[in-house]
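Asks: sequence first, then the predicted structure, then my questions.
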Amino acid sequence: MLEYFKQDAARWLMPGHVCAPNELTIAKLFTLLVTHAPLRAMLLWRIAGWLKQKRAPFLFGMLHRSILFFFGLEICDAAKIGGGLYVPHPVGTVIQVERMGRNVSVIASATIGLRNTYAFPRIGDNVFVGAGARILGDITIGNDAIIGANAVVIEDVPAGGTVVGIPGRLIKIYGEAVDDRRQDSAHALQ
């Protein structure tokens with residue numbers, strides 16, 4: 001729990017960068033916790049997870065509900081989430097995943113959860129989820145993927161993929177444009 005939280009806090013040292021947890025001193029951590037309410041939410045969530053492991057359901061439940069009440073953030077208690085989770089604007093954000101890798105950024109009012117069946121997304125490492133995005137269902141989001149703001153993703157995204165739109169469509173893989181077969185077939189009909 002402590003190691004994962006140190007990784008969460010290290011994400012706040014330099015916005016946009018993943019700093020090493022050893023760059024985080026006690027003084028810097030204290031300053032970050034005083035300055036950034038979302039980081040306090042992450043601390044409480046990590047403590048709640050530890051309390052659940054220690055079979056303290058009453059304390060776990062109190063913390064879990066207080067995170068929702070005070071920060072507007074709902075993270076599934078059964079979620080396996082790696083260190084470095086960065087949620088700078090937690091209000092309205094819901095994270096219910098089967099598993100989530102390291103150094104994932106979830107910006108604001110995003111929903112990650114189930115769709116039609118009781119199955120949750122799997123999110124890789126270093127994934128960026130834009131504001132208002134929806135990632136729904138039994139899908140896999142590969143490492144280094146970018147989900148654009150307000151995108152609705154209901155299909156797998158390959159590693160390095162960039163998805164935008166409603167429904168989400170893949171436009172790039174590791175910065176290289178993806179051929180849009182729908183455009184090619186539309187031109188063939190003309």
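Replies: That came through, no problem.
Asks: okay, CA-based contacts and neighbour counts for the rest of this
Replies: Fine.
Asks: Pro38: helix or strand, and which one exactly?
Replies: helix 37-53 (DSSP states H and E).
Asks: so where's this structure shaky on pLDDT?
Replies: 180-190 (pLDDT under 70).
Asks: still on that earlier bit, export the helix or strand following the helix holding Pro38 as CSV, just CAs?
Replies: Per DSSP H and E, the first helix or strand lying C-terminal to helix 37-53 is helix 57-71. C-alpha atoms of helix 57-71 as CSV (Å, rounded to 0.1, in the frame of the first residue of the first chain):
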residue,chain,number,x,y,z
PRO,A,57,-14.9,-3.7,7.0
PHE,A,58,-16.4,-0.9,9.1
LEU,A,59,-13.3,1.3,8.8
PHE,A,60,-12.9,0.4,5.1
GLY,A,61,-16.6,1.3,4.5
MET,A,62,-16.3,4.6,6.3
LEU,A,63,-13.2,5.6,4.2
HIS,A,64,-14.7,4.4,1.0
ARG,A,65,-17.9,6.4,1.5
SER,A,66,-16.0,9.5,2.6
ILE,A,67,-13.9,9.4,-0.6
LEU,A,68,-17.1,9.5,-2.6
PHE,A,69,-18.7,12.2,-0.4
PHE,A,70,-15.8,14.6,0.0
PHE,A,71,-14.0,14.0,-3.4
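Asks: need the residues that contact the following helix or strand past helix 57-71.
Replies: Next helix or strand after helix 57-71 toward the C-terminus (DSSP H and E): strand 73-75. Identification of contacts with strand 73-75 by CA atoms under 8 Å, 6 or more residues apart in numbering yields Ala41, Trp45, Ile67, Leu68, Pro90, Val91, Gly92, Thr93, Val94, Ile95, Gln96.
Asks: so the fifth one touches Phe69, yeah?
Replies: Looking back up the chat, that one is Pro90. No. Judged on CA atoms under 8 Å, Pro90 makes no contact with Phe69 at a distance of 11.3 Å.
Asks: so between those two, which is more surrounded?
Replies: Pro90 (24 against 12; other CA atoms under 10 Å).
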